[in-house]
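Student: 3D model of this:
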Amino acid sequence: MLVAAAVCPCPPLLVPEVAAGAASELDAARTACIDALGVLAAARPDLLIVIGPADVDGRGPHPEGNQGSFKGFGVDLDVRLGLGGDLGASVERPLPPSLAVGAWLLARADWADAPVEGLGVGETLEAERCANAGRELAARADRVALLVMGDGSACRTLKAPGYLDERAVSFDTEASRALAAADLAALSALDESLAYELKVAGRAPWQVLAGAAEGAGLSGRLLYEGAPYGVGYMVATWF
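Tutor: Numbering: from 1, shown residues only. Here you go, the predicted model:
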């Protein structure tokens, strides 16, 4: 059963070594993410599962011990998912960037409260399949916690990765409201096609969360919301 969740953005720029001179611009988001992980630890889960968007190579389960790297972003920095697992088995299938950022956050927060696994989710996964995946995750242990990595629209400003789309702000506003309220129906109803057009990396992971939270009776709280690079970033906790 799901007992807690934290929702965090997943840009590699969240890692100060990647952001370099611009690292301070995401200080508030980093602090909120670490605070959100504190909520997960307080829930004393039996299992923590990190969910994030992934391309074809990174989709599916990632066992504890899998490694990720930020070398593709110009930084010689490796991370590992959790503290256990078979380190040698992780080389051929590295963590996708979203899960690597999640692993970095867990290491920064000194996570050692429960076993950790990862799940890479395709950004175009249909809402009902997302919900089914979430229900399966919630049934994995008596006390399951989720760290849900995903960004809002990448079309918030003219300099955003996806350029400016006037629909982006309203989409992110509704997503933020739903995350703040732990509104499962609203998250499940987020438009898949529109999310794809607006380059919303978090839509599928958020809908996995909605499926996992069915019947859990969790409350939500929004810790951070912003778009410093023209991309919507939200940090929320469900407990």
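Student: and residue 206, which of the three is it?
Tutor: helix (DSSP: H, G, I helix; E, B strand; the rest coil).
Student: so it touches residue 150, yeah?
Tutor: Yes. With contacts counted by CB atoms under 8 Å, residue 206 reaches residue 150, the gap being 6.1 Å. Backbone N, C-alpha and C define where each C-beta goes, glycine included.
Student: Measure how far the longest helix seen in the chain is from the centre of its chain, please.
Tutor: The longest helix of the chain (DSSP state H) is helix 27-42. How far helix 27-42 lies from its chain's middle: 12 Å, per CA atoms, centre = their mean, to the nearest Å.
Student: now stretch 179-191
Tutor: Distance of stretch 179-191 from the chain centroid (CA atoms, centre = their mean) equals 15 Å.
Student: contact partners of it?
Tutor: 7, 127, 131, 171, 174-175, 177-178, 200, 203, 206-207, 209-211, 213-214, 218-222, 234, 236, 238 (CB atoms under 8 Å, 6 or more residues apart in numbering).
Student: Quote the end-to-end distance of that stretch.
Tutor: In terms of CA to CA, to the nearest Å, the two terminal residues of stretch 179-191 are separated by 15 Å.
Student: residue contacts, the closest residue to residue 77 other than its chain neighbours?
Tutor: Spatial nearest neighbour of residue 77, excluding adjacent residues (CB to CB, 6 or more residues apart in numbering): residue 70 at 4.5 Å. With contact taken as CB under 8 Å, 6+ apart, residue 70 is in contact with 12, 15, 17, 18, 76, 77, 78, 79, 100.
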